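Asker: A structural model of the following input is requested.
(chains A, B, C and D)
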2 protein chains.
Amino acid sequence: MAETVIAEQNAAKAKPLRADARRNRDRLVEIAAAAFAERGIDTSLEDIARRAGVGIGTLYRHFPTREHLVEVVYRREVEGLCAAAGELAASVPSDVALEEWMRRFVDYIATKRGLAASLRILLSANSTLFSDTWQRVSQALRQLVEAAVADGTIRSDVDATDVLHALSGIYSAPDTPEWRDRSRRLVTVLMDGLRFGAGSSARSDGDRSPTRR
Amino acid sequence: MAETVIAEQNAAKAKPLRADARRNRDRLVEIAAAAFAERGIDTSLEDIARRAGVGIGTLYRHFPTREHLVEVVYRREVEGLCAAAGELAASVPSDVALEEWMRRFVDYIATKRGLAASLRILLSANSTLFSDTWQRVSQALRQLVEAAVADGTIRSDVDATDVLHALSGIYSAPDTPEWRDRSRRLVTVLMDGLRFGAGSSARSDGDRSPTRR
DNA sequence: CACTTAAACGGAGGCGCCTCCGTTTATTAG
DNA sequence: CTAATAAACGGAGGCGCCTCCGTTTAAGTG
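Answerer: All right, here's what the predicted structure looks like:
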C-alpha cells in the first residue's frame, strides 16, 4: 500500500498505444477529472468507467490503482494551468497576463480545497509528484514575472520567488466560504502593489487596478 | 476521511456497557490484535468478526471505522508494554528490568515494522494518539532508568532521555532481515555501557553482559 | 482485400465495506 | 419468578474494489 506511483510515461516512449486504447484512456482521464472535481477523490471508479462508456476492466488496465488515475489527472491539471501562462503571455500585456494567471491559480486551488486531506496523503506518499508540480508552477510564474519586469509593467525590485511567497498565503488560509473572494481580492491588491513602482510606459489603463470584483 | 478518532472512553465514564457487550468488545480487540500482527493492518474486518464469533454489525457498532479499531488495539499494546515496566521493576533487579524491558521494546517495534506505512498515516492523522503513546513510553522508561540509577546498578551520569535517544536509532534503522538481531545486540551493548560506570554493588553477574545471543 | 494476431475490451464474479433493521437477551422493576 | 424494555446482536443486502478471462478489434502482412 502507498507505494510510489510510477511517473507517467512521457509520450513516444515504450509503446505508442493503439488508437482505441489512446481514445479510451484520454476519455477516462477527462471524465475522471470532472468526477473528482465534482464529487471528491473518493468517487466510485466503476462510475467513472460507466460514464466514460468503457468497462471497469479497461479502466483498471490503464490505471492499476486509484492513485495512478488521480496522479495522472492531477498532473494534467497542473500542466494545463502552467500552459496557460505561455498562452496568456502571448496574447495580452505582460502585467495583465500575470494577473489573470494568478486568478486562475486561485480558482485552481479552490477546486482542490475539498480534496486537501486526500491530496496531502498522495503528495506525501509520492514526493516526486510534489516536487515536479511545484517546480512546474514556479517556472510558469517566473516566466510571467520576468516578462512583466522586462516590459516595465511591474516594478523591477521583485522576482518570481517574492510573488510566490505572496501567493503562498493562499494555501495556508483557512477554508472559509469567502475564501475564494478574499483570495481574488488579495491578488488584486498584490497586482496594484506590483504595478505601483513600475517603469514609465504601460500605464495607459489607469483604471484597471482599482477595479474590485 | 481521515477525521480524528475520538479518544477511548476511559473506563467508568458515560456507560458501563452490558455484560455481553463488554465480552464481545474485549474479544474483538483481542482477535483484532492477533490478526493485525499476523496479516497486516488491512485484514478483512469481516474475518475478524467471524473469528471473534460475532456478527459484522457488532464489530461496527463497537468500532465505527477501521481506524477506531486500530487505534484501540494500538493503545492496548502500548499500554501492555508500559505496564510490563512496573512488573519487571517489582520482580527482578533494576538493571535487569531495564534490559529486559528494552528487549521487549525491540520486539514490539519489530511486530510493527510491517505496518509502518499505515501506522504513519494513522499517527499523523491523529496527533493526540502520537503524543499520548510517546509520553507513556517515555514515562515507563524513566521509571526503570531512575530506579536503576538509584540502586547504583547503572551509572548515574545518564537519564531516561539519554537512553531514549540511544534507543531511537532503532526506529530509524532500515528494515532489513537481520534488523531484530542487530537491535537486540545494540541493547546489550548499551546495557554494558550503562553498567560500566555503575556504583560498587550489583556486579555479581559478571557474565551476563558479554553474553551474545 | 483477406488473414493473422497481439492488443485491447468489458463484464461476471468473488470479496470486503458498511448500513439497516428485525430478532434476541441482559437487566431492572414489580 | 415474570414482565417490560432498552440494549445489543447479527446478517442480509447494496455497493465498490479488483481480477480474470473469453470475446472483439486495430493494425500489420501477403
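Asker: Next, count neighbours for A:L194.
Answerer: Neighbour count for A:L194, taken as other C-beta atoms under 10 Å in any protein chain shown: 23. Any C-beta I mention is one placed from the backbone N, CA and C, and that applies to glycine too.
Asker: Repeat that for A:D159.
Answerer: Using other C-beta under 10 Å, the number of residues around A:D159 comes to 12.
Asker: who touches the spatially most central residue of chain A in this structure?
Answerer: Residue closest to the average C-alpha location in chain A (C-alpha atoms, centre = their mean): A:V78, at 3.6 Å. By C-beta atoms under 8 Å, 6 or more residues apart in numbering or on different chains, A:V78 lies in contact with A:T133, A:R136, A:V137.
Asker: any idea which element the second one lies in?
Answerer: Under DSSP states H and E, the secondary-structure element containing A:R136 is helix A:127-151.
Asker: Only the buried residues of that helix, if you could.
Answerer: A:129, A:133, A:136-137, A:140-145, A:147-149, A:151 (16 or more other C-beta atoms under 10 Å in any protein chain shown).
Asker: what about A:R195, how many residues close to it?
Answerer: By the criterion of other C-beta under 10 Å, A:R195 has 21 neighbours.
Asker: Torsion angles phi and psi at it?
Answerer: Torsion angles at A:R195 (phi, psi; degrees, to the nearest 10) stand at phi -70, psi -30.
Asker: mind giving me a markdown table with the buried residues of helix A:127-151 and columns for distance to A:R39 and pLDDT?
Answerer: Listed next are the buried residues of helix A:127-151 as a markdown table, based on distance: C-beta to C-beta, whole Å; pLDDT from 0 to 100:
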| residue | distance to A:R39 | pLDDT |
| --- | --- | --- |
| A:L129 | 22 | 92 |
| A:T133 | 23 | 93 |
| A:R136 | 26 | 95 |
| A:V137 | 25 | 94 |
| A:A140 | 28 | 97 |
| A:L141 | 30 | 97 |
| A:R142 | 35 | 97 |
| A:Q143 | 34 | 97 |
| A:L144 | 33 | 97 |
| A:V145 | 36 | 97 |
| A:A147 | 38 | 97 |
| A:A148 | 38 | 97 |
| A:V149 | 42 | 96 |
| A:D151 | 43 | 95 |
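Asker: how about the residues of chain A near DNA strand C?
Answerer: A:15, A:17-18, A:20-21, A:23-25, A:53-58, A:60-62 (C-beta under 7 Å from any atom of the strand).
Asker: just these that are near DNA strand D?
Answerer: A:R18, A:D20, A:I56, A:G57, A:Y60, A:R61.
Asker: and of the residues you listed, the nearest to chain B?
Answerer: Minimum distance to chain B across these is 18.7 Å, recorded for A:Y60 (C-beta to the nearest C-beta).
Asker: outside of whichever strand or helix holds that closest one, which residues touch it?
Answerer: A:Y60 is located in helix A:56-62, with elements delineated by DSSP H and E. Helix A:56-62 is contacted from outside by A:A21, A:N24, A:R25, A:L28, A:L45, A:E46, A:I48, A:A49, A:A52, A:L69, using C-beta under 8 Å, 6+ apart.
Asker: Give me the buried subset of the residues you listed.
Answerer: Going by neighbour count (16+ other C-beta under 10 Å), these have A:N24, A:R25, A:L28, A:L45, A:I48, A:A49, A:A52, A:L69 buried.
Asker: Now the following helix or strand past the helix holding A:Y60: average pLDDT?
Answerer: Moving toward the C-terminus from helix A:56-62, the next helix or strand (DSSP H and E) is helix A:66-91. What helix A:66-91 shows for mean pLDDT is 96.
Asker: For DNA strand D, give me its nearest residue in chain A.
Answerer: Residue nearest to DNA strand D within chain A (C-beta to the nearest atom of the strand): A:A19, separated by 3.0 Å.
Asker: Just give me the neighbour total for that residue.
Answerer: 8.
Asker: if I look at it, how far off is A:R25?
Answerer: 11 Å (C-beta to C-beta, to the nearest Å).
Asker: In strands only, show me the buried ones among the contacts of helix A:56-62.
Answerer: Per DSSP state E, strands hold no members of the buried ones among the contacts of helix A:56-62.
Asker: could I get those residues as a markdown table with distance to A:V187?
Answerer: Converted to a markdown table, the buried ones among the contacts of helix A:56-62 look like this (distance: C-beta to C-beta, whole Å):
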| residue | distance to A:V187 |
| --- | --- |
| A:N24 | 39 |
| A:R25 | 35 |
| A:L28 | 34 |
| A:L45 | 36 |
| A:I48 | 33 |
| A:A49 | 38 |
| A:A52 | 35 |
| A:L69 | 31 |
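Asker: Alright, that wraps it up for me.
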